[in-house]
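S.K.: what's the 3D shape of this:
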Amino acid sequence: MKKALKITGHHLLLTILVVIWLIPILWLFVTAFSGYRGMNTAHFFPETWSFQNFYKILFQPDNIVKYGRWFLNTLIIASASCVVSTIFVLMVSYAFSCTRFKGRKELMTFSLILNMFPGVLSMIAIYFILKSIGLTNSHLGLIICYSAGSGLGYLIVKGFMDTIPVSLREAAKLEGANEFQTFWKVVIPICKPIIVYQIISSFLAPWGDFVMARLMLTSGLSKDWTIAIGLYNMLDRALIDKYFSIFCAGGILIAIPISILFVIMQKYYVEGVTGGAVKG
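M.R.: This is a model prediction of the structure:
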């Protein structure tokens, strides 16, 4: 009896937490399909429904809303950062997992210590460095910010590579393969699940980032903004009464591509996480 009450209490607590977590998301969703533009706190569910907010944000850009341009900017930045970050992480992981060199353990320890410091501590220094070389207010500068230090996030990928039998690499080298051929033709094909995990993780960070993008893109030109900055500016006090429901529609649209990608790649993503946790 006591065990049943305990289980019931746990499930009840989890249910309450889930409801609390879902209420803001549900409100954003129903507001996006509402028939009015501003924020309506009189009713949780709108009295009128419409697709006008989605049509407006997609097909009727104005001086405030340039969602298509923001989406393209964000996609370019996230895709480029994803490619560079994934390459860096794979190379660093292979070096630490599959090769042995002087200072290897010390370098791994140093990189782990660096990862303990919050990334925001370096933001001001990064800003002034990029400003000195003229890369602020540019998408290239943002791509560098997101991907330059990505190699430090090697731990999970290295853990996956640690599970690959050494005999496979030794057999490749006996057949005359050099280090790059062993990496490309032996290790990479086996690492498909963890590569999918790394691609999704590397794409997600710049796709939804606001802080670094806000710091770097300060020109005030809306055509250069990412989606996060564009949506944030729609919540300005002078604009919120006219654009809040459109903001909610934009919040739903930005989640659709990454949700579809995650559903398609979920199997490999889970395999990558669990495989990388074995010896990480």
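
S.K.: run through this structure and note the low-pLDDT ranges.
M.R.: Low-confidence regions of the chain, defined by pLDDT under 70, span residues 268-280.

S.K.: point to the residue nearest the middle of it.
M.R.: residue 204 (1.4 Å; Cα atoms, centre = their mean).

S.K.: which SS state does that one fall under?
M.R.: helix (DSSP: H, G, I helix; E, B strand; the rest coil).

S.K.: how much space between the residue lying closest to it once chain neighbours are set aside and residue 82?
M.R.: Of all residues not flanking residue 204 in the chain, residue 258 sits nearest, at 6.5 Å (Cβ to Cβ, 6 or more residues apart in numbering). Every residue, glycine included, has its C-beta placed from N, CA and C. Counting by Cβ to Cβ, to the nearest Å, the separation of residue 258 from residue 82 is 11 Å.

S.K.: quick one: which of these two has more around it?
M.R.: Just comparing residue 258 and residue 82: by other Cβ atoms under 10 Å the higher neighbour count belongs to residue 82, 24 against 15.

S.K.: who's in contact with stretch 29-43?
M.R.: 44-54, 240-246, 248-249, 251-252 (Cβ atoms under 8 Å, 6 or more residues apart in numbering).

S.K.: now, of the residues you listed, which are buried?
M.R.: When the contacts of stretch 29-43 are checked for burial by 16 or more other Cβ atoms under 10 Å, the buried set is 46, 52-54, 243-246, 248-249, 251-252.

S.K.: among those, which are located in helices?
M.R.: 52-54, 243-246, 248-249, 251-252 (DSSP state H).

S.K.: max pairwise distance over those residues: which two?
M.R.: Comparing every pair within these by Cβ to Cβ identifies 52 and 251 as the most remote, at 16.1 Å.

S.K.: for residue 231, list the residues it contacts.
M.R.: 247, 250-251, 254.

S.K.: among these, which one lies nearest to residue 263?
M.R.: Nearest to residue 263 among the contacts of residue 231, with distances taken as Cβ to Cβ, is residue 254, at 16.0 Å.

S.K.: thought residue 206 was touching residue 77?
M.R.: Yes - contact criterion Cβ atoms under 8 Å: residue 206 and residue 77 qualify, at 5.3 Å.

S.K.: can you check which residues contact both of those two?
M.R.: In contact with both residue 206 and residue 77: 142-143, 146, using Cβ under 8 Å, 6+ apart.
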